[in-house]
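In: Next input, structure requested:
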Amino acid sequence: MWWRLLGLVVLFLGTQLLMSVLGTVVCSFLQINPQSTNVLAVLLLLSNLLVAVLLFGCRILSFQETFRRYSWNMKETAFLLGLVLLAIIPVNGLTELLRLSDIMQTSFAGLMVNPLGVLNIVLLGPLVEELIFRKGMLDILRRGHYFPVWAIVISSVTFGVIHGNPAQIPGAFLFGLLFGWIYWRTNSVWTVWMLHALNNLIGVLTFTIWGEDQKMMDFFGPWGLGALILCSSIAFVGLALSYRKAFKSKAPVFLNEE
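Out: Numbering: from 1, shown residues only. Next comes the predicted model:
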(Lines give C-alpha, C1' and ligand atoms only; values in the text may rest on other atoms or scores of the structure.)
Protein backbone atom coordinates (compact mmCIF):
# COMPACT_ATOMS: atom_id res chain seq x y z
CA MET A 1 0.00 0.00 0.00
CA TRP A 2 2.72 2.47 0.97
CA TRP A 3 4.58 1.77 -2.25
CA ARG A 4 1.47 2.73 -4.20
CA LEU A 5 1.18 5.99 -2.27
CA LEU A 6 4.85 6.74 -2.88
CA GLY A 7 4.36 5.90 -6.56
CA LEU A 8 1.65 8.55 -6.87
CA VAL A 9 3.92 11.16 -5.29
CA VAL A 10 6.83 10.18 -7.56
CA LEU A 11 4.54 10.33 -10.59
CA PHE A 12 3.32 13.80 -9.65
CA LEU A 13 6.75 15.24 -8.89
CA GLY A 14 8.57 13.28 -11.59
CA THR A 15 6.46 14.69 -14.41
CA GLN A 16 7.07 18.23 -13.17
CA LEU A 17 10.81 17.59 -12.96
CA LEU A 18 10.84 15.98 -16.42
CA MET A 19 9.02 18.92 -17.98
CA SER A 20 11.29 21.38 -16.20
CA VAL A 21 14.42 19.66 -17.55
CA LEU A 22 13.01 19.32 -21.08
CA GLY A 23 11.82 22.91 -20.99
CA THR A 24 15.25 24.16 -19.96
CA VAL A 25 16.91 22.20 -22.76
CA VAL A 26 14.46 23.36 -25.42
CA CYS A 27 14.58 26.99 -24.23
CA SER A 28 18.37 26.90 -24.25
CA PHE A 29 18.32 25.62 -27.83
CA LEU A 30 15.79 28.24 -28.91
CA GLN A 31 17.41 30.96 -26.78
CA ILE A 32 14.21 31.61 -24.85
CA ASN A 33 13.98 32.56 -21.19
CA PRO A 34 12.82 29.36 -19.41
CA GLN A 35 11.38 31.46 -16.56
CA SER A 36 9.04 33.47 -18.78
CA THR A 37 5.35 33.23 -17.95
CA ASN A 38 4.41 31.72 -21.32
CA VAL A 39 7.03 28.99 -20.98
CA LEU A 40 5.98 28.19 -17.40
CA ALA A 41 2.32 28.00 -18.45
CA VAL A 42 3.09 25.62 -21.33
CA LEU A 43 5.28 23.40 -19.14
CA LEU A 44 2.59 23.30 -16.46
CA LEU A 45 0.00 22.36 -19.08
CA LEU A 46 2.17 19.55 -20.46
CA SER A 47 2.96 18.31 -16.97
CA ASN A 48 -0.73 18.15 -16.00
CA LEU A 49 -1.67 16.40 -19.24
CA LEU A 50 1.17 13.88 -18.84
CA VAL A 51 0.09 13.01 -15.30
CA ALA A 52 -3.48 12.40 -16.47
CA VAL A 53 -2.32 10.29 -19.43
CA LEU A 54 -0.09 8.16 -17.20
CA LEU A 55 -2.75 7.71 -14.53
CA PHE A 56 -5.29 6.36 -17.00
CA GLY A 57 -2.95 4.96 -19.66
CA CYS A 58 -1.05 2.84 -17.12
CA ARG A 59 -4.37 1.87 -15.50
CA ILE A 60 -3.43 3.32 -12.14
CA LEU A 61 -6.94 4.74 -12.21
CA SER A 62 -9.96 3.57 -14.15
CA PHE A 63 -11.30 6.36 -16.36
CA GLN A 64 -14.82 4.93 -16.38
CA GLU A 65 -14.94 4.43 -12.61
CA THR A 66 -13.34 7.80 -11.87
CA PHE A 67 -15.71 9.79 -14.04
CA ARG A 68 -18.82 7.69 -13.61
CA ARG A 69 -22.16 9.45 -13.85
CA TYR A 70 -22.89 11.36 -10.67
CA SER A 71 -26.38 12.21 -9.53
CA TRP A 72 -26.28 15.84 -8.44
CA ASN A 73 -28.30 16.84 -5.40
CA MET A 74 -28.69 20.61 -5.59
CA LYS A 75 -29.30 20.99 -1.87
CA GLU A 76 -26.18 18.99 -1.07
CA THR A 77 -24.18 20.95 -3.65
CA ALA A 78 -25.32 24.21 -2.07
CA PHE A 79 -24.14 22.96 1.35
CA LEU A 80 -20.73 22.05 -0.06
CA LEU A 81 -20.35 25.35 -1.90
CA GLY A 82 -21.15 27.14 1.34
CA LEU A 83 -18.52 25.11 3.18
CA VAL A 84 -15.81 26.03 0.67
CA LEU A 85 -16.77 29.71 0.62
CA LEU A 86 -16.75 29.85 4.42
CA ALA A 87 -13.41 28.04 4.59
CA ILE A 88 -11.68 30.56 2.32
CA ILE A 89 -11.83 33.32 4.95
CA PRO A 90 -10.20 31.55 7.93
CA VAL A 91 -7.69 29.66 5.78
CA ASN A 92 -6.47 32.77 3.96
CA GLY A 93 -6.63 34.78 7.16
CA LEU A 94 -4.48 32.31 9.07
CA THR A 95 -2.03 32.21 6.16
CA GLU A 96 -1.69 36.00 6.34
CA LEU A 97 -1.17 35.93 10.11
CA LEU A 98 1.61 33.34 9.78
CA ARG A 99 3.54 35.65 7.40
CA LEU A 100 5.36 32.77 5.70
CA SER A 101 7.70 33.46 2.80
CA ASP A 102 6.19 33.13 -0.67
CA ILE A 103 8.91 31.82 -2.95
CA MET A 104 6.46 31.40 -5.84
CA GLN A 105 4.92 34.87 -5.70
CA THR A 106 6.49 36.15 -8.92
CA SER A 107 5.67 33.01 -10.90
CA PHE A 108 2.05 32.90 -9.73
CA ALA A 109 1.58 36.61 -10.36
CA GLY A 110 2.52 36.01 -14.00
CA LEU A 111 0.39 32.88 -14.38
CA MET A 112 -2.71 34.58 -12.97
CA VAL A 113 -2.78 37.09 -15.81
CA ASN A 114 -1.87 34.58 -18.51
CA PRO A 115 -4.85 32.78 -20.18
CA LEU A 116 -3.03 29.44 -20.32
CA GLY A 117 -1.82 29.96 -16.76
CA VAL A 118 -5.38 30.60 -15.57
CA LEU A 119 -6.54 27.42 -17.36
CA ASN A 120 -3.93 25.46 -15.42
CA ILE A 121 -4.67 27.10 -12.08
CA VAL A 122 -8.46 26.90 -12.30
CA LEU A 123 -9.14 23.66 -14.19
CA LEU A 124 -6.24 21.36 -15.04
CA GLY A 125 -4.25 21.76 -11.83
CA PRO A 126 -7.23 21.03 -9.55
CA LEU A 127 -8.20 18.02 -11.68
CA VAL A 128 -4.75 16.43 -11.51
CA GLU A 129 -4.40 17.16 -7.79
CA GLU A 130 -7.79 15.63 -7.02
CA LEU A 131 -6.94 12.54 -9.08
CA ILE A 132 -3.66 12.09 -7.20
CA PHE A 133 -4.42 13.19 -3.64
CA ARG A 134 -8.09 12.36 -3.25
CA LYS A 135 -9.08 9.71 -5.79
CA GLY A 136 -5.69 7.99 -5.82
CA MET A 137 -4.46 8.28 -2.24
CA LEU A 138 -7.75 8.08 -0.37
CA ASP A 139 -8.94 5.05 -2.32
CA ILE A 140 -5.65 3.26 -1.57
CA LEU A 141 -5.98 4.12 2.13
CA ARG A 142 -9.63 3.03 2.13
CA ARG A 143 -8.61 -0.33 0.71
CA GLY A 144 -6.09 -0.55 3.52
CA HIS A 145 -9.00 -0.08 5.94
CA TYR A 146 -7.53 3.12 7.35
CA PHE A 147 -9.75 5.07 9.70
CA PRO A 148 -11.16 8.03 7.72
CA VAL A 149 -9.53 10.68 9.90
CA TRP A 150 -6.03 9.21 9.49
CA ALA A 151 -6.48 8.61 5.77
CA ILE A 152 -7.58 12.20 5.18
CA VAL A 153 -4.77 13.59 7.36
CA ILE A 154 -2.13 11.53 5.53
CA SER A 155 -3.31 12.67 2.11
CA SER A 156 -3.64 16.28 3.30
CA VAL A 157 -0.16 16.43 4.82
CA THR A 158 1.24 15.07 1.57
CA PHE A 159 -0.84 17.55 -0.41
CA GLY A 160 0.46 20.45 1.68
CA VAL A 161 4.12 19.45 1.69
CA ILE A 162 4.14 18.65 -2.03
CA HIS A 163 3.50 22.32 -2.83
CA GLY A 164 6.97 23.16 -1.49
CA ASN A 165 6.11 26.84 -1.04
CA PRO A 166 5.97 27.84 2.68
CA ALA A 167 3.16 30.34 2.04
CA GLN A 168 1.00 27.67 0.39
CA ILE A 169 1.60 24.71 2.70
CA PRO A 170 -0.83 25.61 5.55
CA GLY A 171 -3.66 26.52 3.17
CA ALA A 172 -3.10 23.45 1.01
CA PHE A 173 -3.13 21.24 4.11
CA LEU A 174 -6.35 22.76 5.47
CA PHE A 175 -8.14 22.63 2.13
CA GLY A 176 -6.78 19.10 1.70
CA LEU A 177 -8.61 18.17 4.90
CA LEU A 178 -11.83 19.73 3.61
CA PHE A 179 -11.65 18.25 0.10
CA GLY A 180 -10.61 14.88 1.54
CA TRP A 181 -13.58 14.86 3.89
CA ILE A 182 -15.93 15.84 1.06
CA TYR A 183 -14.52 13.15 -1.24
CA TRP A 184 -14.76 10.54 1.50
CA ARG A 185 -18.46 11.34 1.99
CA THR A 186 -19.52 11.92 -1.63
CA ASN A 187 -17.14 9.48 -3.40
CA SER A 188 -17.25 11.93 -6.32
CA VAL A 189 -14.22 13.28 -8.17
CA TRP A 190 -16.56 15.64 -10.02
CA THR A 191 -17.58 17.29 -6.73
CA VAL A 192 -14.12 17.87 -5.28
CA TRP A 193 -12.80 18.99 -8.67
CA MET A 194 -15.59 21.56 -8.97
CA LEU A 195 -15.04 22.86 -5.43
CA HIS A 196 -11.25 22.97 -5.83
CA ALA A 197 -11.66 24.83 -9.12
CA LEU A 198 -14.05 27.29 -7.45
CA ASN A 199 -11.53 28.01 -4.71
CA ASN A 200 -8.76 28.64 -7.23
CA LEU A 201 -11.04 30.76 -9.41
CA ILE A 202 -11.82 32.99 -6.44
CA GLY A 203 -8.09 33.33 -5.85
CA VAL A 204 -7.53 34.40 -9.46
CA LEU A 205 -10.42 36.87 -9.36
CA THR A 206 -9.22 38.33 -6.06
CA PHE A 207 -5.75 38.79 -7.49
CA THR A 208 -7.15 40.36 -10.67
CA ILE A 209 -9.36 42.82 -8.77
CA TRP A 210 -7.14 43.80 -5.84
CA GLY A 211 -3.63 42.78 -6.89
CA GLU A 212 -1.02 40.66 -5.16
CA ASP A 213 -0.17 43.13 -2.38
CA GLN A 214 -3.70 43.65 -1.04
CA LYS A 215 -4.41 41.61 2.10
CA MET A 216 -7.47 41.07 4.27
CA MET A 217 -5.55 42.58 7.19
CA ASP A 218 -5.34 45.83 5.25
CA PHE A 219 -9.15 46.01 5.31
CA PHE A 220 -9.90 44.69 8.79
CA GLY A 221 -6.72 45.13 10.82
CA PRO A 222 -5.32 42.34 13.02
CA TRP A 223 -8.17 42.33 15.56
CA GLY A 224 -10.85 42.63 12.93
CA LEU A 225 -9.28 39.81 10.92
CA GLY A 226 -9.11 37.65 14.05
CA ALA A 227 -12.80 38.25 14.73
CA LEU A 228 -13.65 37.48 11.10
CA ILE A 229 -11.67 34.23 11.25
CA LEU A 230 -13.45 33.21 14.47
CA CYS A 231 -16.95 34.00 13.16
CA SER A 232 -16.43 32.30 9.80
CA SER A 233 -14.91 29.25 11.55
CA ILE A 234 -17.93 28.92 13.84
CA ALA A 235 -20.27 29.25 10.85
CA PHE A 236 -18.20 26.65 8.97
CA VAL A 237 -18.41 24.12 11.80
CA GLY A 238 -22.15 24.68 12.14
CA LEU A 239 -22.74 24.15 8.42
CA ALA A 240 -20.48 21.08 8.38
CA LEU A 241 -22.42 19.48 11.24
CA SER A 242 -25.72 20.28 9.52
CA TYR A 243 -24.45 18.77 6.27
CA ARG A 244 -23.34 15.58 8.00
CA LYS A 245 -26.76 15.14 9.59
CA ALA A 246 -28.66 15.98 6.42
CA PHE A 247 -26.85 13.71 3.95
CA LYS A 248 -25.66 10.13 4.16
CA SER A 249 -22.10 9.24 3.20
CA LYS A 250 -21.71 7.57 -0.22
CA ALA A 251 -18.22 6.24 0.55
CA PRO A 252 -17.71 2.67 -0.75
CA VAL A 253 -16.58 -0.14 1.52
CA PHE A 254 -13.61 -2.20 0.34
CA LEU A 255 -13.78 -5.67 1.89
CA ASN A 256 -11.61 -7.89 -0.20
CA GLU A 257 -8.56 -5.73 -0.92
CA GLU A 258 -5.51 -4.91 1.14
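In: So L116 is in contact with L40, correct?
Out: No: counting by Cβ atoms under 8 Å, L116 does not reach L40; the two are 9.3 Å apart. Quick note: C-beta positions are derived from backbone N, CA and C, even for glycine.
In: buried sites along the worst-scoring helix or strand of the chain on mean pLDDT?
Out: The least trusted helix or strand in the chain, going by mean pLDDT, DSSP states H and E, turns out to be helix 105-111, with a mean of 87. Within helix 105-111, the residues that count as buried by 16 or more other Cβ atoms under 10 Å are 107-111.
In: Same list, those residues, but as JSON lines with distance to W210 please.
Out: Converted to JSON lines, those look like this (distance: Cβ to Cβ, whole Å):
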{"residue": "S107", "distance to W210": "19"}
{"residue": "F108", "distance to W210": "15"}
{"residue": "A109", "distance to W210": "13"}
{"residue": "G110", "distance to W210": "17"}
{"residue": "L111", "distance to W210": "17"}
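In: Which member of these is positioned nearest I60?
Out: L111 (27.3 Å; Cβ to Cβ).
In: check contacts around that closest one.
Out: Neighbour list for L111: 37, 40-41, 44, 117-118, 120-121 [criterion: Cβ atoms under 8 Å, 6 or more residues apart in numbering].
In: one step back: so which of L116 and L40 has more stuff around it?
Out: Using other Cβ atoms under 10 Å as the criterion, L116 and L40 rank with L40 on top: 22 against 16.
In: Touching, that one and G117? I think so.
Out: Yes: if you go by Cβ under 8 Å, L40 and G117 touch, sitting 7.3 Å apart.
In: anything in contact with each of those two?
Out: 110-111.
In: Would you mind listing the outside residues contacting stretch 182-193?
Out: For stretch 182-193, the external contacting residues (Cβ under 8 Å, 6+ apart) are 66-67, 70, 76-77, 80, 83, 126-127, 130-131, 134-135, 138, 142, 148, 151-152, 179, 195, 244, 247, 249-252.
In: So what would you say the end-to-end distance of that stretch is?
Out: 11 Å (Cα to Cα, to the nearest Å).
In: can you give me how far that stretch is from the chain middle?
Out: Its chain's average C-alpha position is 12 Å from that of stretch 182-193, according to Cα atoms, centre = their mean, to the nearest Å.
In: Also stretch 184-198?
Out: So, by Cα atoms, centre = their mean, the centroid of stretch 184-198 is 10 Å from its chain's centroid.
In: do the same with stretch 9-22
Out: Counting by Cα atoms, centre = their mean, stretch 9-22 comes out at 18 Å from the chain centroid.
In: now do stretch 213-222
Out: The answer for stretch 213-222 is 24 Å, by Cα atoms, centre = their mean.
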